[in-house]
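Q: Only the shape, not the letters, is given here:
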């Protein structure tokens with residue numbers, strides 16, 4: 001490797017194969033493109049990270065990192081599909097009498113590995129490798145050895161298998177740590193991701209795949225080792241010298257949706273939707289009113305309720321106000337999702353938009369405009385994060401509370417007829433003979 005980082009990020013501490021750099025990495029200003037993606041002269045790529053999601057239900061499990069990249073015509077949305085994610089647990093060795101006796105500690109680690117293999121046999125745990133590590137412990141839970149620099153056996157497991165129980169103990173290890181740590185947490189901590197920031201993807205570590213899993217403009221497949229990690233202060237300074245100095249502008253869509261509900265047992269139905277789209281919102285500084293209005297566009301639409309016609313001259317009035325009108329709920333939602341796909345927002349904002357299950361369910365379950373069987377224009381991995389999981393209850397809060405008190409779902413209850421002679425019974429009677 002002849003690049004400026006040959007003794008910093010790669011070499012003996014390399015986690016991926018070393019890549020030969022160009023001699024003129026600092027002198028070349030020529031832009032290079034792989035497809036529509038802009039890459040650096042050395043073949044690396046900068047990715048601005050904004051959000052993440054863990055899909056542990058897929059096979060194999062994956063992570064999704066959302067953000068933006070430089071492209072041929074400016075910044076565009078990007079989804080990094082992180083594959084081959086590993087999980088790790090740390091076993092606290094017990095029975096170590098002399099911490100300074102390296103041979104004795106290594107022997108205890110070998111015994112702990114053999115015992116862990118026997119305990120996890122037939123449990124679906126897929127162990128990849130194990131190694132003795134020294135870690136600092138300073139948490140509340142009291143350990144037999146006390147706090148300090150203690151020996152642990154680090155066991156790396158395949159994420160496609162099951163994780164060992166956090167209560168597993170043995171004669172050679174007394175505690176197990178990290179059994180409940182998510183894949184997302186492990187990747188964020190191990191790769192040093194600290195909120196929205198620029199991440200450098202190493203040369204040759206990313207690729208495009210024909211099987212798309214998101215609706216982002218660009219989608220890349222990577223492994224956790226593709227993200228460059230600065231291991232020292234000198235490495236951080238060297239990385240910051242070549243890092244983009246400003247954050248890319250974000251595309252923000254403000255959403256307001258009006259819905260109607262025929263009964264408490266039925267879901268909400270959209271009636272009117274209004275969107276305000278801001279194409280250039282700076283995440284680094286506060287925008288002025290003038291900056292927010294620059295390039296701002298609106299989209300407004302409504303639909304008929306059931307078969308009831310719109311009022312007289314409504315088409316003329318709505319046309320003058322630039323309000324589109326549709327005859328059905330599906331037509332309204334398809335037009336709205338087409339607008340979302342066209343604008344490709346990085347952020348969708350609205351008053352209690354994500355807390356209101358009706359809007360979330362509508363966004364997740366409406367089919368895309370092209371008529372395919374994939375659900376929604378928003379990525380499927382965002383659906384689960386938006387709804388809180390496939391089992392998310394979309395009934396109104398008062399219905400959920402009543403169902404919890406009575407121990408069953410309101411949908412399964414038989415409707416009780418009103419008592420004779422009451423006002424509810426009179427309302428339920430058919431009204432006939434009135435002109």
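A: Looks like it came in fine. The model shown is predicted, which means the values in this text are computed figures rather than measured ones.
Q: and residue 291, what element?
A: Following DSSP states H and E, one finds residue 291 within helix 289-293.
Q: What is that helix packed up against?
A: For helix 289-293, the contact count by 3 or more Cβ pairs under 8 Å, 6 or more residues apart in numbering; DSSP states H and E identifies strand 269-281 as packing neighbours. In short, each C-beta sits where N, CA and C put it, glycine included.
Q: tell me what the strand it packs on is packed against?
A: By 3+ Cβ pairs under 8 Å, 6+ apart, strand 269-281 packs against strand 250-260, helix 289-293, strand 297-303, helix 329-343.
Q: Indicate which one of the ones you listed is closest to residue 212.
A: In terms of Cβ to Cβ, the element of these nearest to residue 212 is helix 329-343, at 13.0 Å.
Q: what angle separates that closest one from strand 250-260?
A: 170 degrees (axes from the mean of the first three to the mean of the last three Cα atoms, to 10 degrees).
Q: what is the mean pLDDT for helix 329-343?
A: Taken as a whole, helix 329-343 has a mean pLDDT of 89.
Q: so what does whichever helix or strand comes after that helix touch, helix or strand wise?
A: Next helix or strand after helix 329-343 toward the C-terminus (DSSP H and E): strand 347-349. Packing partners of strand 347-349 (3+ Cβ pairs under 8 Å, 6+ apart): strand 250-260.
Q: Pull the distance from the strand it packs on to the chain's centre.
A: 20 Å (Cα atoms, centre = their mean, to the nearest Å).
Q: by how many degrees do that strand and strand 297-303 diverge?
A: Using the same axes, to 10 degrees, strand 250-260 lies at 20 degrees relative to strand 297-303.
Q: Within the sheet, what are the partner strands of strand 250-260, with directions?
A: Next to strand 250-260 in the sheet, as set by DSSP bridges, lie strand 269-281 (antiparallel), strand 347-349 (parallel).
Q: in the shortest one, what's buried?
A: Just to be clear, that refers to strand 347-349. By 16 or more other Cβ atoms under 10 Å, the buried positions in strand 347-349 come out as residue 348.
Q: Check what contacts it and list those residues.
A: 250, 251, 252, 253, 254, 255, 281, 340 (Cβ atoms under 8 Å, 6 or more residues apart in numbering).
Q: ok, what's across the strand from the residue most central in space within the chain?
A: Centroid-nearest residue in the chain, with Cα atoms, centre = their mean: residue 53, separated by 2.2 Å. Beta-bridge partners for residue 53, by DSSP bridges, are residue 64.
Q: Neighbours of the closest residue to residue 61 other than its chain neighbours, how many?
A: Distances taken as Cβ to Cβ, 6 or more residues apart in numbering put residue 159 closest to residue 61, at 4.8 Å, once the chain neighbours are dropped. Neighbours of residue 159 under the rule other Cβ atoms under 10 Å: 20.
Q: Helix or strand with the lowest mean pLDDT in the protein?
A: Lowest by mean pLDDT, DSSP states H and E among the helices and strands of the chain is helix 380-387, with a mean of 38.
Q: tell me the secondary structure for residue 241?
A: State at residue 241, reduced to three classes by DSSP: H, G, I helix; E, B strand; the rest coil: helix.
Q: Next up, the contacts around it.
A: By Cβ under 8 Å, 6+ apart, the contact set of residue 241 is empty.
Q: measure it to residue 157 for me?
A: Using Cβ to Cβ, to the nearest Å, one gets 37 Å for the distance from residue 241 to residue 157.
Q: Format the strands paired with strand 250-260 as a markdown table; extra columns: mean pLDDT and distance to residue 150.
A: Converted to a markdown table, the strands paired with strand 250-260 look like this (pLDDT from 0 to 100; distance: least, Cβ to Cβ, whole Å):
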| stretch | mean pLDDT | distance to residue 150 |
| --- | --- | --- |
| strand 269-281 | 90 | 48 |
| strand 347-349 | 87 | 44 |
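Q: Ok, which of these comes nearest residue 309?
A: Closest among the strands paired with strand 250-260, using Cβ to Cβ: strand 269-281, at 14.7 Å.
Q: which residues in the chain form helices?
A: 102-120, 183-190, 233-242, 289-293, 314-320, 329-343, 357-365, 380-387, 397-406, 423-428 (DSSP state H).
Q: Worst mean pLDDT among those?
A: Among those, helix 380-387 carries the lowest mean pLDDT (a mean of 38).
Q: From residue 328, how far out is residue 307?
A: 10 Å.
Q: Neighbour count: the two, which is higher?
A: residue 328 (12 against 7).
Q: ok, now which ones touch the more buried one?
A: 303, 304.
Q: Now do the closest residue to residue 69 other than its chain neighbours: how many residues are near it, please.
A: Leaving aside its chain neighbours, residue 69 sits nearest to residue 78 (4.3 Å; criterion: Cβ to Cβ, 6+ apart). If you count neighbours by other Cβ under 10 Å, residue 78 ends up with 24.
Q: okay, and for this protein, where does confidence drop off?
A: 1-35, 352-435 (pLDDT under 70).
Q: Apply 80 and report the result again.
A: 1-36, 95, 97, 138-147, 267-268, 285-289, 291-292, 306-308, 351-435 (pLDDT under 80).
Q: What residues sit buried inside stretch 39-52?
A: 39-50, 52.
Q: should've said stretch 280-300
A: 280, 283, 287, 299, 300.
Q: Show me the beta-bridge partners of residue 39.
A: Applying DSSP bridges, one finds that residue 39 bridges with residue 32.
Q: thought it was touching residue 47?
A: No: using Cβ atoms under 8 Å, residue 39 makes no contact with residue 47, being 11.1 Å away.
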